[in-house]
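J.: Would you be able to build a 3D model of this:
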Amino acid sequence: MRRGFRKIAAALSAVLVCAGGLTSTAQKRNEGAGRIDVRRDVRTVTIPVTLRLPERAPQTEVRYLDDLQVFEDGERQEILAMRGAGRSPLTLAILIQDDLVSSMSNEIRGLAAFIRKLPPGSRVMVGYLSSGSLRVRQKFTGDLERAAKSLRIPLSSTAASPYNPFTLTREALKRFESQPVGRRAVLLLSDGLDLSRGISNSSPAASVDLQRTVNEAQRLGVAVYSIFAPSVGGGDLSLVANGQGSLNRLSDETGGRAFFNGMAAPLSLDQFLREVDSLLSRQFALTYLSTHPDKGFHKVRVVAGTADGEIIHPKGYTR
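T.: Prediction:
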């Protein structure tokens, strides 16, 4: 079985940089019967993975990549490529909910500095989740200065409240389809609260649009990093808990990380942005050959030959 996969890996490796959903044929030889069974609809899957070891330099983490193993639905899969920052520039969307509290206006300068410090070759989109629509201030561009200058302060008004943040985040995710396959991420500043179907459906487990957004991010291989900030219409602590729980679920299930400052708005985003920058520097795109062509959810697990540290990756994807 592995011999057949290696032949396929050699044939596909030349096109992995520009393709992430290829279809090929894997062959399984039955030695006893002397025949070849053809298994069709084997595909490549690319997921964002971050390998983070405690108190060690990033180059120390790199040597563990050869020991990585990926399992899909409990079966080990053939890894075809692993591309880190040196081989796969980052594609990043920065999304800001437009009705966040006015204190977030003070963070725009820090966000602009974060964009300017991204590695050369990075592509950035800037958008605002506002009054039922995604308002794109800057389409994906490699001009980091232009992307940084496209930022504006949030409107901080209930008139700018989105229908719900996850519907618009999902709309933004679809824009990754036109971008090269590789390292992908979203930085989302939001209260994480979906009240579009009533308070009883605003919990992380009940929000339909949250689930759809998770599915879309997993399908496109986008890790979502989220930062909680309350909106001007917020205040109910139970709703804050729902919003934070939703952001945590979105980030956890897509291979990102969620950041909170208790129930209040962050005093500064600087610490969170430094942490996001550190995680993104350790993120790489892992491409493997999936042998499960059936529709539905496919669980993914990534392991490494190290007892300490942390491996951050999506929980799976829906085909």
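J.: the strands in the chain, which residues?
T.: 23-30, 35-52, 69-72, 75-83, 91-97, 123-130, 133-141, 184-190, 223-228, 258-259, 283-290, 297-303, 310-312, 316-318 (DSSP state E).
J.: from the middle of its chain, how far away would stretch 309-319 be?
T.: Here stretch 309-319 shows a centroid-to-chain-centroid distance of 10 Å under the convention CA atoms, centre = their mean, to the nearest Å.
J.: got the domain boundaries for this structure?
T.: Domain segmentation of the chain under automatic domain parsing yields 2-82+285-318, 91-281.
J.: Turn these into CSV, columns for mean neighbour count and mean pLDDT.
T.: Every C-beta, even on glycine, is put in place using the N, C-alpha and C of the backbone. What follows is those, written out as CSV (neighbours: other CB atoms under 10 Å; pLDDT from 0 to 100):
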stretch, mean neighbour count, mean pLDDT
domain 2-82+285-318, 15, 70
domain 91-281, 20, 94
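J.: Adding distance to residue 270, write the strands of the chain out as TSV.
T.: Output for those, formatted as TSV (distance: least, CB to CB, whole Å):
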stretch	distance to residue 270
strand 23-30	45
strand 35-52	20
strand 69-72	35
strand 75-83	29
strand 91-97	16
strand 123-130	19
strand 133-141	22
strand 184-190	14
strand 223-228	11
strand 258-259	12
strand 283-290	20
strand 297-303	30
strand 310-312	22
strand 316-318	33
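J.: Can you say which of these is nearest to residue 215?
T.: strand 316-318 (4.9 Å; CB to CB).
J.: Determine the set of other helices and strands touching that closest one.
T.: helix 208-220, strand 297-303 (3 or more CB pairs under 8 Å, 6 or more residues apart in numbering; DSSP states H and E).
J.: what angle separates the first one from strand 297-303?
T.: Counting by axes from the mean of the first three to the mean of the last three CA atoms, to 10 degrees, helix 208-220 points 60 degrees away from the direction of strand 297-303.
J.: And for helix 208-220, what's in contact with it?
T.: The contact list for helix 208-220 (CB atoms under 8 Å, 6 or more residues apart in numbering) reads 164, 166-167, 169-170, 173-174, 176-177, 184, 186, 194, 196-197, 201, 204, 223-224, 246, 249-250, 253-254, 314-319.
J.: now residue 145, nearest residue through space, not along the chain?
T.: For residue 145, ignoring the flanking residues on the chain, the nearest one in space by CB to CB, 6 or more residues apart in numbering is residue 116 at 6.6 Å.
J.: show me what contacts that neighbour?
T.: 144-145, 148.
J.: With respect to residue 159, which of the strands of the chain lies nearest?
T.: Of all the strands of the chain, strand 123-130 comes closest under CB to CB, at 9.3 Å.
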